[in-house]
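Participant: Sharing a model that was predicted from the sequence below.
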Amino acid sequence: MKILLVGGAGYIGSHVALQFLERGDQVGIFDNLSSGLKSNVDQHADFFEGDILNYEQIAAVLEEGWDAVIHLAAFKAAGESMIAPEKYSHNNISGSLNLIAACSKAKVKNFILSSTAAVYGEPEYLPVDEHHPTRPTNYYGYTKLAIEENLEWYSQLRDLSYVSLRYFNAAGYDNEGRMLGLESNPANLIPVVMEVAMGIRPNLLIFGSDWDTPDKTAIRDYVHVTDLATAHVLAVDYLMEGKGNLIVNLGSENGISVQQIVDTAREITGHPIPAEYVERRKGDPAKLIASSKEARKTLGWKAVHSSVENIIASTWRVYLANQKRLES
């Protein structure tokens, strides 16, 4: 098959590309390299530098004919989205509409969206399944929900089928060490923990020490990026079989606390990782855990690489590989 990964030079996209290439598919990467890295692009993939905000650029690439398009080109920092909503509406909504419209014009029939558990907002029950109300508490989550809603409309008005993959917390790196590109200016917990272990940051800020959890720190569902990549391959196959639209959660279904992440990282890295407790962040829930039952049932997907030990160890290997560059 011929698969175009939009935003495929990024952290998740590069892992997705790897799995399609491994099974012999033809892979194209369309990326503006604003956060993705050229070094993440496999030599066997075709690379197109461009921006989804430029309709002519993406339309020209899509005219080459693709069996499926995977959209991974959104900004994703929830906190930043509350400070700079214009940036997120411009790229995530306007850019995505450009991409969807260009797919429609090029008669691309299969579309995979990298979505997020942020569409749910404050959990009303756990584990969170796909029937949970969608009430985002940050603007980033709203932009992803808006894209999903537009895909639903296009599926009715045009010959377009889609799968929306609602990730929980993506983490880890390729277990075989084939992906070594680090995200720039990371905001997520585990990369920040790694930077503290490396001495790049002086300490870790833990938001809240009085949560209603066993160790009083917040609990999240972390899913290994290789497991996420597998889901994209399965989603393309699902659409190619003509099974229609699908929205599924992708999570490990295991809750891991901030303190567990820190303790595991201390053990694996051998570094003390100083931490300071600060006030909770507005909108943060105490616990967020996925139900991935629907993904198991419809895609045959399961998180097999997502233990906390493997997530931390695979990430630490990549940081060690980049140590000289990070310290310079």
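Facilitator: Perfect, I can see it now.
Participant: you'd agree Gly121 is in a strand?
Facilitator: No - counting by DSSP: H, G, I helix; E, B strand; the rest coil, Gly121 is not found in a strand; it is coil.
Participant: Just give the nearest non-adjacent residue to Ser94, would you?
Facilitator: Nearest residue to Ser94, sequence neighbours excluded (Cβ to Cβ, 6 or more residues apart in numbering): Leu53, at 6.6 Å. The C-beta positions use only the backbone N, C-alpha and C, and glycine is treated the same way.
Participant: residues touching that neighbour, list them.
Facilitator: Taking Cβ atoms under 8 Å, 6 or more residues apart in numbering, we find Leu53 in contact with 90-91, 94-95, 98.
Participant: just the residues you listed now: which is nearest Ile256?
Facilitator: Distances from Ile256 to the contacts of Leu53, taken as Cβ to Cβ, are shortest for Asn91 (30.0 Å).
Participant: show me what contacts that closest one?
Facilitator: 52-53, 73-75.
Participant: Same question for Asn110.
Facilitator: Applying Cβ under 8 Å, 6+ apart, we find Asn110 in contact with 67-69, 160-162, 236, 239-240.
Participant: Derive a PyMOL selection command for the buried subset of these.
Facilitator: Here is the PyMOL command that selects the buried residues among these (16 or more other Cβ atoms under 10 Å):
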select buried, resi 67+68+69+160+161+162+236+239
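Participant: Using a markdown table, please lay out the contacts of Asn110 together with distance to Ser184 and pLDDT.
Facilitator: Shown next, in a markdown table, are these (distance: Cβ to Cβ, whole Å; pLDDT from 0 to 100):
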| residue | distance to Ser184 | pLDDT |
| --- | --- | --- |
| Asp67 | 32 | 98 |
| Ala68 | 28 | 98 |
| Val69 | 25 | 98 |
| Leu160 | 33 | 97 |
| Ser161 | 34 | 98 |
| Tyr162 | 30 | 98 |
| Val236 | 29 | 98 |
| Leu239 | 32 | 98 |
| Met240 | 35 | 97 |
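Participant: counting contacts, what elements does the lengthiest helix in the chain pack onto?
Facilitator: Counting residues, the longest helix found in the chain (DSSP state H) is helix 139-157. Secondary-structure packing of helix 139-157 (3 or more Cβ pairs under 8 Å, 6 or more residues apart in numbering; DSSP states H and E): helix 78-83, helix 85-88, helix 96-105, strand 110-116, strand 161-167.
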